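Asker: Pasted the sequence and its predicted model underneath.
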Amino acid sequence: MSTLTFDTLRFANRLKKAGVLPAQAEAEAEALSEVLEVNLKELATKEDLRREIKDLEVRIDGELKLLKWMLGVVIGGVIALVMKAFFPG
């Protein structure tokens, strides 16, 4: 899982330079840091996406094999019915 580094000190200092009171700037920096930490845990990484795609490929491959088998059975059944209709007995 990738990590994002958020520099709270730099952010707070930037707010202070913009005229925000020091206590408020530090509180905002800490609050933003907590929000980022909590919310970024939910983001998918490239590896998560690769794994999900691989799982989908395996599932689709299995479903295609089943579909081919079922289609073969249906075609076989149709051929059997046609043969019986045209060549009874």
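Answerer: Done, it's in.
Asker: drop to CA atoms for contacts and neighbour counts, all remaining ones
Answerer: Will do.
Asker: give me the low-pLDDT residue ranges for the chain?
Answerer: Low-confidence segments of the chain (pLDDT under 70): 1-4.
Asker: just checking, what's the longest helix in it?
Answerer: Secondary structure of the chain per DSSP state H: the longest helix is helix 46-86.
Asker: Show me the domain layout of this protein.
Answerer: Domains of the chain are assigned by automatic domain parsing as 1-43, 46-89.
Asker: Comparing the ones you listed, which comes out most buried?
Answerer: A comparison of the domains of the chain by mean neighbour count, using mean count of other CA atoms under 10 Å, puts domain 1-43 on top with a mean of 14.
Asker: now it: how far from the chain's centre is it?
Answerer: 27 Å (CA atoms, centre = their mean, to the nearest Å).
Asker: go on, stretch 59-75?
Answerer: Here stretch 59-75 shows a centroid-to-chain-centroid distance of 26 Å under the convention CA atoms, centre = their mean.
Asker: any idea how far the most centrally placed residue in the chain is from Asp55?
Answerer: Relative to the mean C-alpha position of the chain, the nearest C-alpha, by CA atoms, centre = their mean, is the one of Leu49, at 5.1 Å. According to CA to CA, to the nearest Å, Leu49 and Asp55 sit 10 Å apart.
Asker: Look at Tyr44 and give its secondary structure.
Answerer: To be clear, residue 44 is Ala; Tyr isn't right here. Assigned state for Ala44: coil (three-state reduction, DSSP: H, G, I helix; E, B strand; the rest coil).
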